[in-house]
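> Predicted coordinates and the sequence they were generated for:
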Amino acid sequence: MKQKGLFDEEDRLRVLSKLGDSLEKLNEKINWEIFKPLLKKALTKEPKGLGGRPAYDYVMMFK
């Protein structure tokens, strides 16, 4: 198995974009921010204690 280079991921995404990535098209058509209040209400949990990492963005997880 060949080790991935520094720009392999970037090159792969560029090729996908040229071919017409369906996820990019979906991103252009849908305003994901309208889901934020609903997702926040459904997914917010009470903190268990002090500290810890911040929660992931709910919209990003929904996508």
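That came in fine, so what should we check first? Numbers count the residues shown, from 1 in each chain.
> which other residues reach stretch 44-62?
With contact meaning Cβ atoms under 8 Å, 6 or more residues apart in numbering, stretch 44-62 is reached by 32-33, 35-36, 39-40, 43. Just so you know, the C-beta spots here come from the backbone N, C-alpha and C atoms, and that holds for glycine as well.
> buried set for that stretch?
residue 58 (16 or more other Cβ atoms under 10 Å).
> avg pLDDT for that stretch?
For stretch 44-62, mean pLDDT is 87.
> That stretch: end-to-end distance?
One end of stretch 44-62 to the other measures 14 Å (Cα to Cα, to the nearest Å).
> start the count at 633, not 1, going forward
I'll keep to 633 as the first residue from here, and by that count the last item is stretch 676-694.
> follow-up on the earlier one: make JSON lines out of the contacts of stretch 676-694 and add secondary structure and distance to residue 681.
Putting the contacts of stretch 676-694 into JSON lines (DSSP: H, G, I helix; E, B strand; the rest coil; distance: Cβ to Cβ, whole Å) gives the following:
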{"residue": "664", "secondary structure": "helix", "distance to residue 681": "31"}
{"residue": "665", "secondary structure": "helix", "distance to residue 681": "30"}
{"residue": "667", "secondary structure": "helix", "distance to residue 681": "29"}
{"residue": "668", "secondary structure": "helix", "distance to residue 681": "26"}
{"residue": "671", "secondary structure": "helix", "distance to residue 681": "24"}
{"residue": "672", "secondary structure": "helix", "distance to residue 681": "21"}
{"residue": "675", "secondary structure": "helix", "distance to residue 681": "19"}
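> Just give me the closest of the residues you listed to residue 655.
residue 664 (11.9 Å; Cβ to Cβ).
> now residue 650: how far from residue 692?
When Cβ to Cβ, to the nearest Å is the yardstick, residue 650 and residue 692 sit 25 Å from each other.
> Can you report how many residues lie near residue 671?
Neighbour count for residue 671, taken as other Cβ atoms under 10 Å: 15.
> Can you show me the helices along the chain?
For the chain, the helices defined by DSSP state H occupy 640-651, 654-661, 668-675, 690-694.
> now the ones you listed in CSV, with distance to residue 634?
Below are those laid out as CSV (distance: least, Cβ to Cβ, whole Å):
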stretch, distance to residue 634
helix 640-651, 9
helix 654-661, 26
helix 668-675, 39
helix 690-694, 30
